[in-house]
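In: build the 3D model from these lines:
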Amino acid sequence: MLCPLTQPNRALLITILEDYLSRGKVLCCQETQRKTLEGRLPHPSYTAILTDVVEYETVIGLEVHAQLLTRSKMFCPCSADYANAPPNTYVCPICLAMPGVLPTINEKAVEYTVMTALALNCTIAEYAKFDRKNYPYPDLLKGYQISQYDAPMGQHGWLTIDMDGTKKKLDITRVHLEEDTAKLTHCTTPEGETYSLVDANRAGVPLMEIVGEPDISSPEEARQYLVKLRTILQYLGVSTCNMEEGSFRCDANISIRPEGTTEYLGKVEVKNMNSFKAVYRALEYEAKRQRQELEKGGRIIQETRGWVEEKGMTVSQRSKEYAHDYRYFPEPDLPPLAFDKTWVEEIRSRLPELPDVRRDRFMSQYGLPTYDANLLVDSKAMANYFEDCIKLMADTSNGNNLHKKAKTVSNWLLGDFSRMLNTTNASIEETRVTPKHLVEMLGLIDKGTLSGPAAKTVFEDMFLNGKPASDIVAEKGLSQISDSSEIEKIAARIIADNSQAVSDFQDGKQQALAFLIGQVMKATKGRANPGIAKEILLDKLGGK
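Out: This next block holds a predicted model:
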């Protein structure tokens, strides 16, 4: 397949072709390619080359904004808890940008930003300052945003993600602090006229920005990066990180380049992604679109594109700004910040146990597999719930017994518990099943009072109604049947009614035994002791 070589990419692709020619990797006529390089073909601006010659790699850098959990806004005393407030009620002359007002710095927001930078392995600056970022937009009441440009609070950090069992280190350029904008609501009249409403409640809420290096090479890596970053911020307690509510937002810069080079073919910024799934789909779409654009002979325009969830595509919004377009200059109404090393170290000493450290401890202390430990620590609330259950369980002083109990709790949390949370669209903080209730149910299983299948029924009732397991077992008569004589009668009937399965078992098909055990469990509504049922069936079938 042929594509025209347009002028903006000409020099770069000629360099690539020369490299491929030197290694004998060009698939078409080398003489034609040499003439191409020398510019001797009739139409040099549309010289055809095989797209198979150049393979492209995706390069992604993420800019993440997280609203900070402070009581007041960044530069004024208005409440930052605006989510459920009527429009334009949490405002004052400062966040409404009235003439003559002066901002003051929210110390807690500064502390949270430094704390985050430390957790992300950043170097904390000795000196930082605020700057004015100038751009006209209806949600920016002052006509500029107070942000940080060339003197952020933290720089040169990193975090790691796990990709198919391999750790990858992703660098972080900077962590800085700014203010959020107002919120626009776009409306249309019955006659088709469009207009926008401005809600200033969000204007001035502390907003931390974490800028990553362009180290990400796939949409899945981008998703993993965001999951890891959100988990770290939640462990720190500095943000709710709720993407749907807008407290955790992501803009992605994505481009492609020929493999083995450092030159980009045009950077595109993608906005309007409000879930991890949306980020993945938008980046997957955009990487494909850029490759297709080159195949058609086009070029990658540096622009901002918006993700349209309903259509599954990005659309052009505006040309991409450069830093000089914002006309940054130091904020004259705010003093620079000098960070005392003792203060920084005091914040470092208060850092909580972070996800990677907690995962390693879960594996060493509780004997959990890597898979379980990773899933549990991905949510701070889930990891806390797990440890609360372990503390309530008896005999935790015995190492082997502790590991067995920990794995049992993990299986329930990652299995039926997570399934019910997903089904009801609830968080673990909202569940009516307390750690005490779950541990009590597991105790009934250990004592033989409750069978495994019946326990699933009991758990669903616990989850929906908040009752203790013992009450549900008594109300519904779900206690386990361990009476051998009773199970023996049922097993005899099952054998008589399933001659084909009996024949299959006697022919050496072990799965037939599992079927027969299942029929016993079905006949007893999950109450039969499966171990006793198996023993009785084997005895009657003459098996071992």
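
In: give me the low-pLDDT residue ranges for the stretch 351-500 of the chain?
Out: Scanning the stretch 351-500 of the chain with the threshold set as pLDDT under 70 gives 394-400, 480, 483.

In: where along it do the helices fall?
Out: 355-366, 370-377, 380-392, 399-412, 418-424, 435-446, 452-465, 469-476, 484-497, 499-506 (DSSP state H, counting those that start in this stretch).

In: what's the angle between the second one and helix 380-392?
Out: Here the directions of helix 370-377 and helix 380-392 differ by 110 degrees (axes from the mean of the first three to the mean of the last three CA atoms, to 10 degrees).

In: need the helix or strand of this structure with the lowest average pLDDT.
Out: Across the helices and strands of the chain, the lowest-confidence element by mean pLDDT, DSSP states H and E is helix 30-38, at a mean of 41.

In: for stretch 481-489, buried residues please.
Out: I481, I487, E488 (16 or more other CB atoms under 10 Å). To be clear about C-beta, it is placed using only N, CA and C from the backbone, and glycine gets the same treatment.

In: can you report phi and psi for the residue nearest to L229 when sequence neighbours are not counted?
Out: Nearest residue to L229, sequence neighbours excluded (CB to CB, 6 or more residues apart in numbering): V64, at 6.1 Å. When read as degrees, to the nearest 10, the backbone of V64 gives phi -110, psi 130.

In: residues touching V64, list them.
Out: Neighbouring residues of V64 by CB atoms under 8 Å, 6 or more residues apart in numbering: E209, I210, V211, G212, L226, L229, F248, R249, C250.

In: wait, doesn't the third one sit right on D171?
Out: It refers to V211. No. Using CB atoms under 8 Å, V211 makes no contact with D171, being 10.2 Å away.

In: more neighbours: which of these two?
Out: Legend: neighbour count by other CB atoms under 10 Å for V211 and D171, higher for V211 (18 against 14).

In: direction included, what does the helix or strand that contains the more buried one pair up with?
Out: Element membership of V211, judged by DSSP states H and E, is strand 206-212. Strand 206-212 has the following strand partners under DSSP bridges: strand 56-67 (antiparallel), strand 166-179 (antiparallel).

In: between the very next helix or strand once past it and helix 380-392, how big is the angle?
Out: Using DSSP H and E, the helix or strand that follows strand 206-212 towards the C-terminus is helix 219-236. Here helix 219-236 points in a direction 60 degrees away from that of helix 380-392 (the same axes, to 10 degrees).

In: quick thing: my sequence starts at 51, can you match it?
Out: Renumbered: residue one is now 51, and that last one reads helix 269-286.

In: now helix 269-286 - C-alpha only, CSV.
Out: Output of helix 269-286 as CSV, limited to C-alpha atoms (Å, rounded to 0.1, in the frame of the first residue of the first chain):
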residue,chain,number,x,y,z
PRO,A,269,-3.5,2.8,26.2
GLU,A,270,-3.3,-0.1,28.7
GLU,A,271,-0.2,1.4,30.3
ALA,A,272,-2.0,4.7,30.6
ARG,A,273,-4.9,3.0,32.3
GLN,A,274,-2.6,1.3,34.8
TYR,A,275,-0.7,4.5,35.5
LEU,A,276,-4.0,6.3,36.3
VAL,A,277,-5.2,3.4,38.6
LYS,A,278,-1.9,3.5,40.4
LEU,A,279,-1.8,7.3,40.8
ARG,A,280,-5.4,7.4,42.0
THR,A,281,-4.6,4.6,44.6
ILE,A,282,-1.6,6.6,45.9
LEU,A,283,-3.7,9.8,46.3
GLN,A,284,-6.5,7.9,48.1
TYR,A,285,-3.9,6.3,50.5
LEU,A,286,-2.6,9.8,51.2
